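Undergrad: predicted coordinates and the sequence they were generated for:
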Amino acid sequence: MKKEFKAEAKKVMDLMINSIYTNKEIFLRELISNASDALDKLYYKDLSSDNSTDKADYYIEIIPNKEERSLTIVDTGIGMDETDLVENLGTIAKSGTEAFKKSSDKAELKDLIGQFGVGFYSAFMVADKIEVLTKKFGQDKSYLWESVNADSYEIKEADKKDHGTEIKLLLKENTEDTNYDDFLDQYTIRNLVEKYSNYIRYPIKMLVNKTRKSADSTEDEPKYEDYKDYDILNSKEPIWKKNKSDLKDKDYINFYRESHYGFDEPLSWIHFAVEGVVSFKALLYIPKKAPFDYYAKDYKKGLELYSHGVKIMDRSEDLIDDAFSFVKGVVDSDDISLNISRETLQQDRQVRVIAKQINKKIRQALSDLMKNDREKYESFFKEFGNSLKLAIYESFGANKDDLQDLLLFHSRKEDKLVSLSEYKEAMKSTDENILYAVGDSLDKIKNSPALGLVDENTDVLLLDEKLDEFLIKMLKDYKNLPFKSINQEEDKEGEEKDESTSKLIDFVKENTPDDVVDVRFTDKLKDLPSLIKQRGEVSIEMEKTLKNQPQAMGIKADKVLEISKNTKAYTILKENVGSDEAKAKMIVGLLLDQARLMEGLEIDDPVAYTKNIWKLI
Ligand code: ADP
Ligand code: MG
């Protein structure tokens, strides 16, 4: 009996074979999943009957045959009758597993993996002919289903003794791009099973070549012989499904290394299970060190995603927030459908529910670590603090409520890292702002003139990371306490100017560049003759940072020049405005240049500056 595939099937198949799966090797994962499904189906049937099958009879076997260039996947599952073959293998995207699920109400049935009905055809990526020899459990007749190039298929009666299915792939001819013979190699097969199907619940066995000492081997003259024996290729019980109490630190560390999450030991791990609308288990790791490319553009985050013992994604980006891109690990949920492409996965509601809980768990773990092992947390923060900061910055502060309590900043008073809540805790009741100072290094900030003017009992956060100031702009406030730079100009409320002061201010303004937007005379500068404060959004540090970026050319901070009333410069200035204007101008120039130098800003004319100083002396 020869049959054509149902309408449009071929087109769908071509599309599937050539585009959905870019990775040929996953055909083995699909066939093993189907075999595992078939075993599940028999298992559930068995549970509801009296004469149960021996557990040992449930297995999957892989048989490579190099002479024939064939790869056979055998299972002792439920098998298919003629109708099943037509219905399930003759119709693309008609999943028999889906129908089976609907026909029964057993809760365990949600354990069955198939959802889509194109998995089987992925085998045509590597085979030009496929033979399916199968016998349904409890029936007499067996069948051989054959298809060449997925053009049409034929079903004949056959002669199979036991129930179950054998799927034989006759591999394609090797091409320049693909050596299909690789799939007959026992090491390749072993690796593929380990990679994709390690945690299938039934044993996956294969007859492999081994060597041993032969009977006539002696100590002086060792002799070896080849023999064949079955190996079980999968490990069956994954670490994340085990009980925490059965696991030691070394188990977790080994798994971290085996999974190539990192070479060293992880900083810590989170192993948990969630039962609910969507149930899942997860094992997550926080590495000790950031990978060398962590802050590079092409670094890829993501967790491994398993469903029903099958790895469906190597790196599911949707499971983890950008802030926690450094987290490695696995998530396993039987509530996730075995989708075929990552596009569909992204939209999966279940994935979003899981992601939400995972990110919450990571936040909690980090916050616990901060509380319980400060030293460890600080070493974490040194490596990954910028990841948290960047995430806040890039979301324009949208996620600040989730992340701000994980941040640490250097405190001037404590001379160590403090959290924002610790800063707040230590504030005096009269303080209205969280004060901060920005600079290239802690030393430079500590020596900055503006910091010297802040009362020693008031704490100031010293921000020495380029990103920090931009971060603060996004945070705006912490629990209603606004952040304020110590370089920000003071409110001018209650300030009164007499006529001569106004005249003086006008003179200074006229003789300074446009970025000096205001001038103030003050007695709060202690022994400093002058100081630059900033007004508005662009700070002095930002001006410095932006100066090196060609696309931001010319952006300058609006500056307020504060001039101390307690220094000689002020007296000379006052005396000479209206009489010796040249001298007055020189004084203004010096006051501005000195203030610029103290802030680490360049001055326009260093030569004139130097000469003027000597003139005065
Ligand atoms: P899915 O597994 O998503 O249902 P597949 O294309 O992988 O889609 O398989 C189609 C259907 O063929 C399965 O649902 C199942 O009914 C049947 N099938 C495939 N392989 C086997 C097998 N080894 N034993 C029994 N039935 C199978
Ligand atoms: Mg399948």
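TA: Arrived safely, thanks for sending. Ligands and ions are numbered 1, 2, ... in the order given.

Undergrad: so where's the stretch 401-550 of the chain uncertain?
TA: 492-496 (pLDDT under 70).

Undergrad: my bad, the stretch 101-250 of the chain
TA: In the stretch 101-250 of the chain, residues with pLDDT under 70: 101-118.

Undergrad: quick one, phi psi at V538?
TA: phi -90, psi 120 (degrees, to the nearest 10).

Undergrad: how about it, what does it touch?
TA: L546, I555, K556, A557, D558 (C-beta atoms under 8 Å, 6 or more residues apart in numbering). C-beta here means a position set from N, CA and C on the backbone, and glycine is covered the same way.

Undergrad: the last one is in contact with D514, isn't it?
TA: No. Shown here, D558 and D514 do not form a contact pair, counting by C-beta atoms under 8 Å, at 9.4 Å.

Undergrad: drop anything exposed from the contacts of V538.
TA: L546, K556, A557, D558 (16 or more other C-beta atoms under 10 Å).

Undergrad: min pLDDT across the residues you listed, which one?
TA: Lowest in pLDDT among the buried ones among the contacts of V538 is L546, which has 81.

Undergrad: need phi/psi at that residue.
TA: phi -70, psi -20.

Undergrad: hmm, back to that, which of the buried ones among the contacts of V538 lies closest to ligand 1?
TA: Within the buried ones among the contacts of V538, the smallest distance to ligand 1 is 55.1 Å, found for L546 (C-beta to the nearest ligand atom).

Undergrad: gap between the closest one and ligand 2?
TA: To ligand 2, L546 is 56 Å away according to C-beta to the ion, to the nearest Å.

Undergrad: so how far is P513 from that residue?
TA: 17 Å (C-beta to C-beta, to the nearest Å).

Undergrad: again, but for M313
TA: Distance from M313 to P513, by C-beta to C-beta: 57 Å.

Undergrad: mind listing the strands for the stretch 1-150 of the chain?
TA: 2-4, 60-65, 70-75, 127-135, 142-148 (DSSP state E, counting those that start in this stretch).

Undergrad: got the buried residues for the fourth one?
TA: In other words, strand 127-135. Neighbour count says strand 127-135 has A127, K129, I130, E131, V132, L133, T134, K135 buried, by 16+ other C-beta under 10 Å.

Undergrad: any chance of the residues you listed in a markdown table with distance to L592 as columns?
TA: Below are those laid out as a markdown table (distance: C-beta to C-beta, whole Å):
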| residue | distance to L592 |
| --- | --- |
| A127 | 80 |
| K129 | 86 |
| I130 | 83 |
| E131 | 89 |
| V132 | 87 |
| L133 | 92 |
| T134 | 90 |
| K135 | 95 |
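
Undergrad: quick check: the farthest pair among those residues?
TA: A127 and K135 (21.7 Å; C-beta to C-beta).

Undergrad: what's stretch 54-61 in contact with?
TA: 32, 35-36, 39, 42-43, 73-77, 200, 202-206.

Undergrad: apply 6 Å and report the result again.
TA: A35, L39, V74, D75, T76, Y202, P203, I204, K205 (C-beta atoms under 6 Å, 6 or more residues apart in numbering).

Undergrad: tell me the contacts of the fifth one?
TA: Under the criterion of C-beta under 6 Å, 6+ apart, the contact list for T76 reads D57, Y58, Y59, G164.

Undergrad: so what's the third one scoring on pLDDT?
TA: It refers to Y59. On pLDDT, Y59 comes in at 96.

Undergrad: what does it show for phi and psi?
TA: Main-chain dihedrals, Y59, degrees, to the nearest 10: phi -160, psi 170.

Undergrad: which one is it nearest to, not counting chain neighbours?
TA: Excluding the flanking residues, the one nearest Y59 by C-beta to C-beta, 6 or more residues apart in numbering is P203, at 4.9 Å.

Undergrad: please apply the same query to the last one.
TA: In space, and not counting its chain neighbours, G164 is closest to T76: 4.2 Å by C-beta to C-beta, 6+ apart.

Undergrad: ok, now S419?
TA: S419 sits nearest to L408 (C-beta to C-beta, 6+ apart), 5.8 Å away.

Undergrad: surely the one you found and F381 touch.
TA: Yes. The pair L408 and F381 passes the contact test of C-beta atoms under 6 Å, sitting 5.2 Å apart.

Undergrad: what touches both of those two?
TA: Contacts common to L408 and F381, judged by C-beta under 6 Å, 6+ apart, are absent.

Undergrad: which ones are touching D128?
TA: Contact analysis of D128 by C-beta under 6 Å, 6+ apart lists N149, K172.

Undergrad: where does the stretch 501-617 of the chain get nearest to ligand 1, which residue?
TA: Q551 (50.8 Å).

Undergrad: and that residue, what pLDDT?
TA: For Q551, pLDDT reads 75.

Undergrad: rewinding a little: of the contacts of T76 - the most surrounded one?
TA: G164 (28 neighbours; other C-beta atoms under 10 Å).

Undergrad: who's that one bridged to?
TA: Beta bridges link G164 to K135 when assigned by DSSP bridges.

Undergrad: ok, now how distant is it from Y180?
TA: Distance from G164 to Y180, by C-beta to C-beta: 26 Å.

Undergrad: swap in L461?
TA: L461 is 62 Å from Y180, by C-beta to C-beta.

Undergrad: with A398 instead?
TA: From A398 to Y180 the distance is 50 Å (C-beta to C-beta).

Undergrad: comparing L461 and Y180, which shows the higher neighbour count?
TA: Neighbours were counted for L461 and for Y180 using other C-beta under 10 Å; L461 has more, 24 against 19.

Undergrad: re the thing from before, and the two most separated of the buried ones among the contacts of V538?
TA: Among the buried ones among the contacts of V538, L546 and D558 lie farthest apart (C-beta to C-beta), at 13.8 Å.

Undergrad: related to what we said a few turns ago, neighbour count for M313 and P513, which is higher?
TA: M313 (20 against 9).

Undergrad: so what's the residue count around S333?
TA: Neighbours around S333, by other C-beta under 10 Å: 20.

Undergrad: report the contact partners of it.
TA: Counted by C-beta under 6 Å, 6+ apart, S333 has contacts F280.

Undergrad: repeat that for 10 Å
TA: By C-beta atoms under 10 Å, 6 or more residues apart in numbering, S333 lies in contact with 274, 278-282, 305-308, 312, 350-351, 353-354.

Undergrad: what's the closest of those to V193?
TA: Once C-beta to C-beta is applied, the member of those that ends up nearest V193 is Y306, at 14.4 Å.

Undergrad: partner residues bridging that closest one?
TA: Here Y306, judged by DSSP bridges, has bridge partners K311, D332.

Undergrad: what about it, distance to ligand 1?
TA: 16 Å (C-beta to the nearest ligand atom, to the nearest Å).

Undergrad: distance of that residue relative to Q350?
TA: Per C-beta to C-beta, Y306 is found 13 Å from Q350.
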